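Novice: Structural data only, the sequence is not supplied:
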Ligand SMILES: [Fe+2]
């Protein structure tokens, strides 16, 4: 690779495409429109901008926290959505905030901190946005010469040793102290890897090894990472693809990496990276199978077209058949809905919902699939079952006529039986994560924990379920005294 | 790891090989944001757009790095348009290192404080004019890491 490659191709996303001035006025309009809508639709609190950090010593607890439920639930999501009267055009652009719910012997405390990325620090100092985002054009925005200059670290958070890593799919991981949430800086994984994208959906295998990928949007090249449990690079390798759009998640099996490219191309006409992406119903959902040892492609399969943010798990039979589940959309409208709600527009007529599809692909390329009834997002499994045959799949779900998740469910992958809890219309439910019980069984027992925003009281609560009996409802509900905007992903660690 | 050839050291000409002119012009470059004392600062000056496009530097400098603001001077210049590009070779391997996707992982800077947007700055944004034979011109550059 030479400098010319950077010169020609580091057009990374065209992220900071310069747009005409009237659009800037529209950005100010976003905030006005949002505030107007918020007065009528309190559920929009889920997408309100956060302007301060909080420490809460003690949460009000309803019910009883199960014995042995000790540890920290870390969550991440876009939180700084507005500065100086300008509101971002898309939810995914906001600066990330880490929320830590700490459980100790029946007592719960809370702390949140913005991830202090270089972008956050500069814009905080300036008092206004300095950089254009993937959908928002900021007037006189600063030039962007590397993805990390606009890294917002807003999508997921994993624990690595005593640290936590805040993740964003187009740039480096950002390291923070797991205790006080102070930002330490970008993670540099080694020679030649500084500033490389490290996606927001790494997979941690049964041995605690961390697997991840990163996509270079301009060239279509994908890098794979294999890290030790302490976050040290064991190996990395690259493959070439002709894919240039959003690639959010991936999977591992016992022997392979599954890279699944959605039916997106870059034929869109709007400004910024997000608006340049378009759904192409003639483009298959493409599965690329990569050997975990050599990091080389071993097979490619074309699946029916679709768009997927999230995969729950992948695994392979002894005969080489690959199985995986995904939250599958038939188009890419969901992306525009995340923009609409920034202006307070909630799509209540035909909201996008994902359907759970389970794919089976034999070694000789025979493809079959099962569909699970209902809709679902934010799939999770028992920790460290990644890549192994999972019996349980946990998801959030929309059960009422809402455009947000209002329930959680567990699918028994063998019987297809569904265990379900409906929070009801008053709640907006975030991703729920599985916590193994004291017996450490990775297929049953333990708990499911997750946050939900209670719309009428404008407060967020964290809920703890018995993982084997969601229908019984939460055993404990721990209340914050404010509404925390909806987050994307997080993880629980027993410390 | 592959290295960029942006500022290929072999392309550096020695100033002493150019004809010495009496009272020739000089260009002082003030570079801010140098991150450390580690390694060397490389700078190349190009005379006119053709030479820039073809990568034909008129002169090159290689100096011990110093944290903070860093000054260097090209002299024996004739009137004309010039651009300067600079990089901070912190690990002393004589090239601007990049990551595996080609994004520089060491500091770099351009005359006129020009900054590119997902790529190098435009030629016109980097230009420094030298109009008189004996002129002393100053330009600024910002080291980006
Ligand atoms: Fe995600």
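Specialist: Good, I have the coordinates. All of these numbers come straight from a predicted model, not from anything done at the bench. Numbers count the residues shown, from 1 in each chain, chains lettered A, B, ... in the order given.

Novice: residue ranges of the helices in chain B, please?
Specialist: All helices of chain B, identified by DSSP state H, fall at B:48-54, B:123-126.

Novice: helices and strands around the last one, which ones?
Specialist: Just to be clear, that refers to helix B:123-126. Applying 3 or more C-beta pairs under 8 Å, 6 or more residues apart in numbering or on different chains; DSSP states H and E, one finds that helix B:123-126 makes contact with helix B:48-54, strand B:80-89. Just so you know, the C-beta spots here come from the backbone N, C-alpha and C atoms, and that holds for glycine as well.

Novice: Direction included, what does the longest one pair against?
Specialist: Sheet pairing of strand B:80-89 (DSSP bridges) gives strand B:40-47 (antiparallel), strand B:108-110 (antiparallel), strand B:128-130 (antiparallel).

Novice: Any chance of those strands in JSON lines with mean neighbour count and mean pLDDT as columns?
Specialist: Output for the strands paired with strand B:80-89, formatted as JSON lines (neighbours: other C-beta atoms under 10 Å in any protein chain shown; pLDDT from 0 to 100):
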{"stretch": "strand B:40-47", "mean neighbour count": "23", "mean pLDDT": "96"}
{"stretch": "strand B:108-110", "mean neighbour count": "24", "mean pLDDT": "95"}
{"stretch": "strand B:128-130", "mean neighbour count": "17", "mean pLDDT": "96"}
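
Novice: Nearest to residue A:354, out of the ones you listed?
Specialist: Of all those, it is strand B:108-110 that lies closest to residue A:354, at 43.3 Å by C-beta to C-beta.

Novice: Check which residues of stretch A:395-414 are buried.
Specialist: For stretch A:395-414, burial by neighbour count (16 or more other C-beta atoms under 10 Å in any protein chain shown) applies to A:395-399, A:402-411, A:413.

Novice: What is the burial count for residue 68?
Specialist: Chain wasn't specified; assuming chain A. Using other C-beta atoms under 10 Å in any protein chain shown, residue A:68 has 14 other residues around it.

Novice: Please refer instead to chain B.
Specialist: Residues lying near residue B:68 (other C-beta under 10 Å) number 11.

Novice: Okay, and the beta partners of it?
Specialist: Beta-bridge pairing of residue B:68 under DSSP bridges involves residue B:34.

Novice: Buried ones in stretch A:146-163, by neighbour count?
Specialist: A:146-160, A:163.

Novice: Run through those and flag the ones next to chain B.
Specialist: Counting by C-beta under 8 Å from any C-beta of the partner chain, A:146-147 from the buried residues of stretch A:146-163 sit close to chain B.

Novice: Can you name every helix or strand that the helix or strand where residue A:73 lies contacts?
Specialist: Secondary structure from DSSP states H and E places residue A:73 in strand A:71-80. Identification of packing neighbours for strand A:71-80 by 3+ C-beta pairs under 8 Å, 6+ apart yields strand A:95-104, strand A:156-160, strand A:163-167, strand A:427-435, strand A:489-493.

Novice: rerun that using 7 Å as the cut-off
Specialist: Contacts defined by 3 or more C-beta pairs under 7 Å, 6 or more residues apart in numbering or on different chains; DSSP states H and E place strand A:71-80 against strand A:95-104, strand A:156-160, strand A:489-493.

Novice: Quick one: mean pLDDT over that strand.
Specialist: Strand A:71-80 shows a mean pLDDT of 98.

Novice: angle of it against strand A:156-160?
Specialist: Using axes from the mean of the first three to the mean of the last three C-alpha atoms, to 10 degrees, the direction of strand A:71-80 lies 140 degrees away from that of strand A:156-160.

Novice: List the neighbouring strands of strand A:71-80 plus their orientation.
Specialist: Applying DSSP bridges, strand A:71-80 is found paired with strand A:95-104 (antiparallel), strand A:489-493 (antiparallel).

Novice: quick revisit: let's have the helices of chain B in JSON lines, adding mean neighbour count, mean pLDDT and distance to residue A:76.
Specialist: As requested, those are exported to JSON lines (neighbours: other C-beta atoms under 10 Å in any protein chain shown; pLDDT from 0 to 100; distance: least, C-beta to C-beta, whole Å):
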{"stretch": "helix B:48-54", "mean neighbour count": "13", "mean pLDDT": "94", "distance to residue A:76": "44"}
{"stretch": "helix B:123-126", "mean neighbour count": "16", "mean pLDDT": "94", "distance to residue A:76": "37"}
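
Novice: Out of those, flag the one nearest residue A:273.
Specialist: Per C-beta to C-beta, nearest to residue A:273 of the helices of chain B: helix B:123-126, 23.5 Å.

Novice: hang on, the earlier thing: okay if I get the strands paired with strand A:71-80 as CSV plus mean neighbour count?
Specialist: As requested, those are exported to CSV (neighbours: other C-beta atoms under 10 Å in any protein chain shown):
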stretch, mean neighbour count
strand A:95-104, 23
strand A:489-493, 21
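
Novice: need the ones you listed in JSON lines with distance to residue B:27, can you?
Specialist: Output for the strands paired with strand A:71-80, formatted as JSON lines (distance: least, C-beta to C-beta, whole Å):
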{"stretch": "strand A:95-104", "distance to residue B:27": "40"}
{"stretch": "strand A:489-493", "distance to residue B:27": "52"}
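
Novice: pLDDT weak spots in the chain?
Specialist: Since no chain was named, I'll use chain A. Within chain A, the ranges that satisfy pLDDT under 70 run A:1-28.

Novice: um, chain B though
Specialist: Applying pLDDT under 70 to chain B flags residues B:1-23.

Novice: Please name the nearest non-neighbouring residue to residue A:166.
Specialist: Spatially, and ignoring its direct neighbours in sequence, residue A:166 is nearest to residue A:153 (3.9 Å; C-beta to C-beta, 6 or more residues apart in numbering or on different chains).

Novice: Many thanks, we can stop here.
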